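In: dropping a prediction and its sequence here:
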Number of protein chains: 2
Amino acid sequence: MNALVAGIEAGGTKFVCTVGTGPDDLRAVKSFPTTTPHETLGQAITFVHEQQTLAGAPVAAIGIACFGPVDLRPDSPTFGHITSTPKPSWGGTDVVGMFRDTFGVPVGFDTDVNGAALAESQWGAGVGLDPLVYVTVGTGVGGGVLVNGGLLHGLLHPEVGHVMVRRHVDDHFAGLCPYHGDCLEGLASGPAIQARWERPATDLGVDRDQAVKLESWYLAQLAASLTYLLSPERIIMGGGVLKLPGLLDAVRADTAAVINRYVDVPATSSQVDTYVVPPGLGDRAGILGGVALAQRALTQHTSAQRTSAQRSSQH
Amino acid sequence: MNALVAGIEAGGTKFVCTVGTGPDDLRAVKSFPTTTPHETLGQAITFVHEQQTLAGAPVAAIGIACFGPVDLRPDSPTFGHITSTPKPSWGGTDVVGMFRDTFGVPVGFDTDVNGAALAESQWGAGVGLDPLVYVTVGTGVGGGVLVNGGLLHGLLHPEVGHVMVRRHVDDHFAGLCPYHGDCLEGLASGPAIQARWERPATDLGVDRDQAVKLESWYLAQLAASLTYLLSPERIIMGGGVLKLPGLLDAVRADTAAVINRYVDVPATSSQVDTYVVPPGLGDRAGILGGVALAQRALTQHTSAQRTSAQRSSQH
């Protein structure tokens, strides 16, 4: 029986909050738009308070799967802060501190996509798989990575979306990334599709086949690069753009074609359908990322306490 | 005081063997060409026997940093084997088994590049850094990765060299990768340079500046993709091709230009000289990889024995 925890998917557009013990026991889910840190974090805190009252018990931990960039270095003075975001008033916000000070329980914190990767590895399409990659293609292109038992951090955290890709010969769109123009995100995000065809991805009409062809070519290059550099056991690909009919199958076929049996394992050729897959948790991967981060923070806290108790008893 | 171990750099062209306790205490180093498994592994075994006699003590472990592809899954029936190599008679060779059966000590085994990454993280240019990437550009392009405390394995193991890159507009060479034509390895390996200019990289004459320009553009794309997908704290870049005068500095400048301050950390802009660096161990990264793998295997073996002893004493 897992402890009751709070999970928060802190997105740049909206926050989604829940309280529960796992995917089959989410007591309530509430979402609200992301406005100012004061207002939005205040709403999240109020939600958790209300749910604690309803449950008649405090939450044992809180997990936050957060939009970024965020500071994930545990020894950094700004750990748990949102750093240099263009989003007005959010730069420098101490997200973790606010929840820790309010509730006095362990707070798990990571990027939204790392949270989703963790949730998929516990309950979704990547159970037991390591390395595991979770990619989302929507307003931007992002990715989370679980490897050697931990979520991938590093110099910053993976910024999957901005890899340089080889352009499709039929694609004359300049790309709209403010840093790189025609990097993957500049060519293949939802806004890129909208700008190229001057229509949203949901309304492409006769251009849909062409859109799927270009999109698939770019996302297959990402899948191949992930394969070469990270050697994941599975790549989970979700987000609004992947709802384009036929796109996921096209990405699978193009991924196999790009790799061209160089990596001689069935996952990248005849069994590519089991290698590039949709999220097992569907649209709940994000919020369940919050829940998974909370549970992990609780486990780490308990384990650290036990080690500390053992040390004391030995002296 | 570290135990005496044997380290073997098992390359496709030559084997290099040593016995020692670390980089400052290699008792002897011997190299010989890679011919048949019987002859070459036999020579390596003879070398270790001779060194044990000289030292008056057995080696405590053996580490093998091996050319590939190799099977690295501990639970696989062919763990420690070379798998599907085009190299005559080496496919299916049980490298680990031969040394374990002969010497009865723990045998560490990984790819040559993962071994080099481990050695650089212990004694070279990547001490204490995680994630850490080691890239070598020579006959091929390969990479090893240390992340979350372990070497990166996965579906297979990282095959860094074959990522698709955007071609330089001045480059009309078709590329020579048998699988992909103009992937990174097809355009930027030593043989690719030789084929493009019909001269070895050491003898480019007036074409050297142009060669550095193209090579740098391709390797910078790799460095940028590694940054986006793996977020390493440092990228170590070595191998014969990096000896081209001016190339490393050009790669640094192009890496910063490709990333274009999107990842807003000094390592990818003003301090890129500390981010893309040559091997701290120079040409000894490979053989010291063998030594590091041996020491790691010994540590793991000792730790497993201790756990097992603790369990017994509790029952």
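Out: Nice, I can see it. Computed from a predicted model, the values in this text were never measured in an experiment. Numbering: from 1, shown residues only, chains lettered A, B, ... in the order given.
In: before we move on, what SS does the spatially closest residue to A:Y179 that is not a sequence neighbour have?
Out: Leaving aside its sequence neighbours, A:Y179 sits nearest to B:Y262 (Cβ to Cβ, 6 or more residues apart in numbering or on different chains; 4.1 Å). C-beta: built from backbone N, CA, C; applies to glycine. Of the three states, B:Y262 takes coil according to DSSP: H, G, I helix; E, B strand; the rest coil.
In: B:Y262 reaches A:G161, doesn't it?
Out: No - with contact defined as Cβ atoms under 8 Å, B:Y262 and A:G161 do not form a contacting pair (9.6 Å).
In: which of these two has more neighbours?
Out: A:G161 (24 against 21; other Cβ atoms under 10 Å in any protein chain shown).
In: quick one: residues contacting the more buried one.
Out: A:G140, A:V141, A:G142, A:G143, A:C183, A:L184, A:E185, A:S189, B:Y228 (Cβ atoms under 8 Å, 6 or more residues apart in numbering or on different chains).
In: quick check: pLDDT value at the third one.
Out: Among the per-residue scores, A:G142 holds a pLDDT of 94.
In: that's a strand at it, yeah?
Out: Yes - per three-state DSSP, A:G142 lies within a strand segment.
In: just give the nearest non-adjacent residue to the residue of the stretch 201-315 of chain A found nearest chain B, would you?
Out: Residue nearest to chain B within the stretch 201-315 of chain A (Cβ to the nearest Cβ): A:S231, separated by 3.1 Å. Distances taken as Cβ to Cβ, 6+ apart place B:G154 nearest to A:S231, at 3.1 Å, with adjacent residues excluded.
In: circling back: need the pLDDT of the residue of the stretch 201-315 of chain A closest to chain B.
Out: In this prediction A:S231 is given a pLDDT of 94.
In: where's it relative to A:A192, distance?
Out: 28 Å (Cβ to Cβ, to the nearest Å).
In: check A:L226 too.
Out: 20 Å.
In: ChimeraX command to pick out the buried ones of the contacts of A:G161?
Out: Selecting only the buried entries of those in ChimeraX, with 16 or more other Cβ atoms under 10 Å in any protein chain shown as the criterion:
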select /A:140,141,142,143,183,184,185,189 /B:228
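In: just how off-centre is the helix or strand where A:L226 lies within its chain?
Out: For A:L226, the element it lies in under DSSP states H and E is helix A:208-230. The chain centroid and the centroid of helix A:208-230 are separated by 18 Å under Cα atoms, centre = their mean, to the nearest Å.
In: ok, stretch A:15-25 next?
Out: That offset, for stretch A:15-25, works out to 16 Å (Cα atoms, centre = their mean).
In: hmm, back to that, and the contacts of A:G161, which is closest to B:P74?
Out: A:G143 (27.4 Å; Cβ to Cβ).
In: beta partners for the closest one?
Out: Taking DSSP bridges as the rule, A:G143 bridges to A:V135.
In: can I assume it is in contact with A:P158?
Out: Yes - counting by Cβ under 8 Å, A:P158 is a contact partner of A:G143 at 5.5 Å.
In: which residues do the two both contact?
Out: Common neighbours of A:G143 and A:P158 (Cβ under 8 Å, 6+ apart) are A:V113, B:L229.
In: ok, and what's touching stretch A:237-257?
Out: By Cβ under 8 Å, 6+ apart, stretch A:237-257 touches A:116, A:134-139, A:141, A:188-190, A:193, A:201-202, A:204, A:208, A:211-213, A:215-217, A:219-220, A:223-224, A:227, A:268-269, A:272-273, A:275-279, A:282, A:285.
In: so the residue nearest in space to the middle of chain A: helix, strand or coil?
Out: Of all residues in chain A, the one closest to the mean position by Cα atoms, centre = their mean is A:V113, 1.2 Å from it. Assigned with three-state DSSP, A:V113 falls in the helix class.
In: count of neighbours near the residue nearest to it when sequence neighbours are not counted?
Out: Spatial nearest neighbour of A:V113, chain neighbours left out: A:G144 (3.4 Å); criterion: Cβ to Cβ, 6+ apart. For A:G144, the count of nearby residues is 30 (other Cβ under 10 Å).
In: cool, and the one 3 residues further on?
Out: Applying other Cβ under 10 Å, we find 24 other residues in the vicinity of A:V147.
In: quick check: it touching B:N148?
Out: Yes - at 5.8 Å, A:V147 and B:N148 qualify as touching, with contact defined as Cβ under 8 Å.
In: which two of the contacts of A:G161 have the greatest separation?
Out: For those, and using Cβ to Cβ, no pair is farther apart than A:S189 and B:Y228, which are 14.7 Å apart.
In: pull the longest helix from chain A.
Out: helix A:285-314 (DSSP state H).
In: which strand or helix spans A:A44?
Out: helix A:37-55.
In: other SSEs contacting the longest helix of chain A?
Out: Under the contact definition 3 or more Cβ pairs under 8 Å, 6 or more residues apart in numbering or on different chains; DSSP states H and E, helix A:285-314 sits against strand A:5-10, strand A:14-22, strand A:25-33, strand A:62-66, strand A:107-111, helix A:112-123.
In: now, of the ones you listed, which is deepest in the fold?
Out: strand A:62-66 (a mean of 31; mean count of other Cβ atoms under 10 Å in any protein chain shown).
In: mind listing what's buried along the next helix or strand after that one?
Out: Next in sequence after strand A:62-66, counting helices and strands by DSSP H and E, comes helix A:95-103. By neighbour count on 16+ other Cβ under 10 Å, the buried set for helix A:95-103 is A:V95, A:V96, A:M98, A:F99, A:R100, A:T102, A:F103.
In: go on, stretch A:278-285?
Out: Counting neighbours by 16+ other Cβ under 10 Å, the buried set in stretch A:278-285 is A:P278, A:P279, A:G280, A:L281, A:R284, A:A285.
In: compute the first-to-last residue distance for that stretch.
Out: 11 Å (Cα to Cα, to the nearest Å).
In: contacts made by that stretch with the rest, please.
Out: Residues contacting stretch A:278-285 (Cβ under 8 Å, 6+ apart): A:23, A:116, A:119-120, A:123-127, A:134, A:236-238, A:242, A:248, A:288.
In: quick one: which of those is nearest to A:T35?
Out: Out of the contacts of stretch A:278-285, the member with the shortest distance to A:T35 (by Cβ to Cβ) is A:A116, at 23.5 Å.
In: my guess is that closest one meets A:G286, correct?
Out: Yes - the pair A:A116 and A:G286 qualifies as a contact (Cβ under 8 Å) at a distance of 5.6 Å.
In: quickly list what's touching both of the two.
Out: Common neighbours of A:A116 and A:G286 (criterion: Cβ under 8 Å, 6+ apart): A:A65.
In: how close does the spatially closest residue to A:T85 that is not a sequence neighbour get to A:P266?
Out: Leaving aside its chain neighbours, A:T85 sits nearest to A:G91 (5.3 Å; criterion: Cβ to Cβ, 6+ apart). Using Cβ to Cβ, A:G91 is found at 46 Å from A:P266.
In: these two: who's more crowded?
Out: Counted by other Cβ under 10 Å, A:G91 and A:P266 do not tie: A:G91 has more neighbours, with 14 against 10.
In: surely the more buried one is in contact with A:D71?
Out: No - applying Cβ under 8 Å, one finds A:G91 not in contact with A:D71, separated by 11.4 Å.
In: find the residues that touch each one of these two.
Out: A:T83.
In: now tell me which helix or strand of chain A has the poorest mean pLDDT.
Out: helix A:285-314 (a mean of 91; mean pLDDT, DSSP states H and E).
In: that one: which residues count as buried?
Out: Applying 16+ other Cβ under 10 Å to helix A:285-314 flags A:285-298, A:301 as buried.
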